[in-house]
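Peer 1: Sequence and predicted model, in that order:
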Amino acid sequence: MGGCRVIVISMGELSIDRARDLDAADPLAGFRERFVVEDSSLIYLNGNSLGPLPKATRQRLQQVITTEWGNALGRSWDHWVDMPVLAGEAVAPLIGAAPGQTIVTDNTTMNLYKLASAALDARPGRHVIVTDNDNFPTDRYVLEGIAHQHNLEFRLLSTDLNEGVDADLLSRAVDDDTALVSLSHVAYRSGALADMPVLTQIVHQSGALMMWDLCHAVGAVPIHLDECDADLAVGCTYKYLNAGPGAPAFAYVAARLRDVLRQPVWGWFSQRDQFAMGPEYRPAEGMAKFLTGTPNILGTAAVEEGAKLIAEAGIDRIRAKSVKQTAYLAELADEWLLPLGCELATPRDPDRRGSHLTFRHPDAEAIVAELAKSNVVTDYRTPGRFRFGLSPLTTRFVDVHNAVAATRDLLTARNNHG
Ligand SMILES: Cc1ncc(COP(=O)(O)O)c(C=O)c1O
């Protein structure tokens, strides 16, 4: 009996239809409608820098402006004063913190300064602060500044720019003279996800305190600060929490340390009896002692709304979609971008990365600028890298597909023009 072998050649895996199928099966797809999308042709892959505006936040801010500020004026301080604590409790479940350990205040930079300074006070006789050379600039600067101020040693781990912090290197860098170690959970450049339980344990074995920067993690990856026995954490709210430009950051202090630590900025909002206007400073109880001056009420309201939206979507579902999307992006990039001179500058294993993917290319800065002209917003990071940030509540699989296709076409045109 004769026969034949049928071979099907399919473009299926790379086709836009596959992206559409993935969107159709996405349980979070409906959340995109909860955000303001003024330009439907815009492909926005920069939510890891500034998240988009939720409609609920716009409405809440209108209400705060019109009713609470416009009508009630200063009388609104009767409930405004409680907002930093309440917003902290809204963020707490997203970072794995039991109540009473999180507050929304200041910016990440200030919170780094306050918590790091307080941590050093709590480890007298130790003379070393450790971080890594790939940590976000503000973290390195603040920590080095504190080391300088207190005449301490500032120890920098040398981290692989694509792969993130190495546990063995950290083990070798900490000792019984180490007071504080501070690292980012998700690396801003590569998106590498640090192993929080393992690294925290290494630090604790040396007797030092551990502070995590959660800026690129909160709202994108599940975080378990209490479970990991972390001591301190800070993070911003304008990325995956979508609280808007300059919205206040959060600070976490483990309950066992909260009442022991002394906050270095003795502002009147951290005073126990603020309106007594008394002659001496007595720190407030609970997390309020980590406040400084008058809180940013509009920003704090936006943090509450942003955190509520993430909680409603569920961080596990967000993470599942993010993993699927970064894997999809990596797959398209393998086919379309790597042959054109790009190199993946993010860990290959989805368990080892957050929600953005970074590519290395000698013309990265020009690529970002040219993509922007085609309404594809990404961003550039030194040295020679561009990032695609995926925000699972708004980014669609078709956006990922079209952004990679646009990058491919751009690179092809550049290569053809020599
Ligand atoms: C990891 C990390 N830490 C800190 C910051 C800066 O914090 P801020 O400017 O809000 O003080 C950023 C900003 O992008 C960041 O990505």
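Peer 2: The structure has been received and is ready for your questions.

Peer 1: ok, Thr178 - contacts?
Peer 2: Arg126, Val128, Ile129, Val130, Arg155, Val203, Ser206, Gly207, Ala208 (C-beta atoms under 8 Å, 6 or more residues apart in numbering). From N, CA and C alone the C-beta is placed, and that goes for glycine too.

Peer 1: so who does the third one touch?
Peer 2: Spelled out, that is Ile129. Ile129 is in contact with 116, 120, 143, 146-147, 152-155, 178-182, counting by C-beta under 8 Å, 6+ apart.

Peer 1: Need the distance between the two termini of stretch 260-276.
Peer 2: 24 Å (C-alpha to C-alpha, to the nearest Å).

Peer 1: Please identify the buried residues of it?
Peer 2: Leu261, Gln263, Val265, Phe269, Ser270, Gln271 (16 or more other C-beta atoms under 10 Å).

Peer 1: Which residues of this protein lie near the ligand?
Peer 2: 107-109, 136, 138-139, 184, 188, 213, 215-216, 236, 249 (C-beta under 6 Å from any ligand atom).

Peer 1: out of those, which are buried?
Peer 2: By 16+ other C-beta under 10 Å, these give 107-109, 136, 138-139, 184, 188, 213, 215-216, 236, 249 as buried.

Peer 1: Please narrow these to those residing in strands.
Peer 2: In this view, these that belong to strands under DSSP state E are Ser184, Asp213, Ala249.

Peer 1: and the last one, what pLDDT?
Peer 2: Spelled out, it's Ala249. According to the prediction, Ala249 has pLDDT 98.

Peer 1: ok, now Gln63?
Peer 2: 98.

Peer 1: Pop out the phi and psi values for it.
Peer 2: phi -70, psi -40 (degrees, to the nearest 10).

Peer 1: Tell me how far it lies from the ligand.
Peer 2: The spacing between Gln63 and the ligand, counted by C-beta to the nearest ligand atom, to the nearest Å, is 25 Å.

Peer 1: State the number of residues packed around that residue.
Peer 2: Neighbour count of Gln63, defined by other C-beta atoms under 10 Å: 13.

Peer 1: OK, contacts around the residue nearest to Asp213 when sequence neighbours are not counted?
Peer 2: Spatially, and ignoring its direct neighbours in sequence, Asp213 is nearest to Ser184 (4.3 Å; C-beta to C-beta, 6 or more residues apart in numbering). Taking C-beta under 8 Å, 6+ apart, we find Ser184 in contact with Asn135, Phe136, Asp139, Ala194, Trp212, Asp213, Leu214, Cys215, His216, Ala217.

Peer 1: Verify the contact between the fourth one and His185 for me.
Peer 2: Yes: with the criterion set as C-beta atoms under 8 Å, Ala194 and His185 qualify as a contacting pair; they are 5.5 Å apart.

Peer 1: Which secondary structure state is assigned to the residue lying closest to Phe35 once chain neighbours are set aside?
Peer 2: Computed as C-beta to C-beta, 6+ apart, the closest residue to Phe35 that is not its neighbour in sequence is Pro52, at 4.8 Å. Following DSSP: H, G, I helix; E, B strand; the rest coil, we place Pro52 in the coil state.

Peer 1: Quick check: Pro52 touching Ser391?
Peer 2: Yes: using C-beta under 8 Å, Pro52 is in contact with Ser391, at 7.1 Å.
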